[in-house]
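J.: fold the following and give me the result.
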Amino acid sequence: MAKYLLLKHYRGAPAAVNDVPMDQWEPDEVSAHIGFMQDFAARLESTGEFVDAQALSPEGTFVRYDGEGRPPVTDGPFPETKDLIAGWMVIDVDSYDRALELAGELSAAPGAGGKPIHEWLEIRPFLTAPPTVTE
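T.: This next block holds a predicted model:
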């Protein structure tokens, strides 16, 4: 089994086919989308492929170390930034092909008008071992 992170983007990925921002959806469209996501996760739980999933708010802050004894440096929040992650799901599957299959299904979540979003999802494999460094 291999773990993959499926990233859902607010912005930053190529535009979805049904590219109406969620804040412009009707309440029943939002409910249908969330229900789809919950049903998808429940199905993967039943097969042992679901690890975790979370939705994220569009606000965030960048933080970095600024030296011993100094407070961290922050920058943000930047809700207008090009790349905002809407949420993520971690899956544990037998193969990359299965990860692709599931990401394709998740891309069909309903959006405005109840039609599939056809959104782009980013698939990121978890590192299973540290990289080898050779000289």
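
J.: can you give me the strands in this protein?
T.: 2-11, 50-55, 62-64, 73-75, 84-93, 121-125 (DSSP state E).

J.: reformat those into CSV and put mean neighbour count, mean pLDDT and distance to G111 next to each item.
T.: Using the backbone N, CA and C atoms, a C-beta is placed for each residue, glycine as well. Listed next are the strands of the chain as CSV, based on neighbours: other CB atoms under 10 Å; pLDDT from 0 to 100; distance: least, CB to CB, whole Å:
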stretch, mean neighbour count, mean pLDDT, distance to G111
strand 2-11, 18, 86, 12
strand 50-55, 14, 94, 15
strand 62-64, 10, 83, 29
strand 73-75, 10, 83, 31
strand 84-93, 18, 90, 12
strand 121-125, 15, 93, 14
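
J.: mind checking which of those is nearest L102?
T.: L102 lies closest to strand 84-93 among the strands of the chain, at 6.0 Å (CB to CB).

J.: number of residues surrounding the nearest residue to W25 once chain neighbours are set aside?
T.: Closest residue in space to W25, ignoring its immediate chain neighbours: A112 at 5.4 Å, by CB to CB, 6 or more residues apart in numbering. The burial count assigned to A112 is 17, neighbours taken as other CB atoms under 10 Å.

J.: for P116, same thing?
T.: 15.

J.: from I91, how far out is it?
T.: Going from P116 to I91 by CB to CB, to the nearest Å gives 20 Å.

J.: from the contact counts, what lies against the biggest helix by length in the chain?
T.: Across the chain, the longest stretch assigned as helix under DSSP state H is helix 27-47. Judged by 3 or more CB pairs under 8 Å, 6 or more residues apart in numbering; DSSP states H and E, helix 27-47 is in contact with strand 50-55, helix 96-106.
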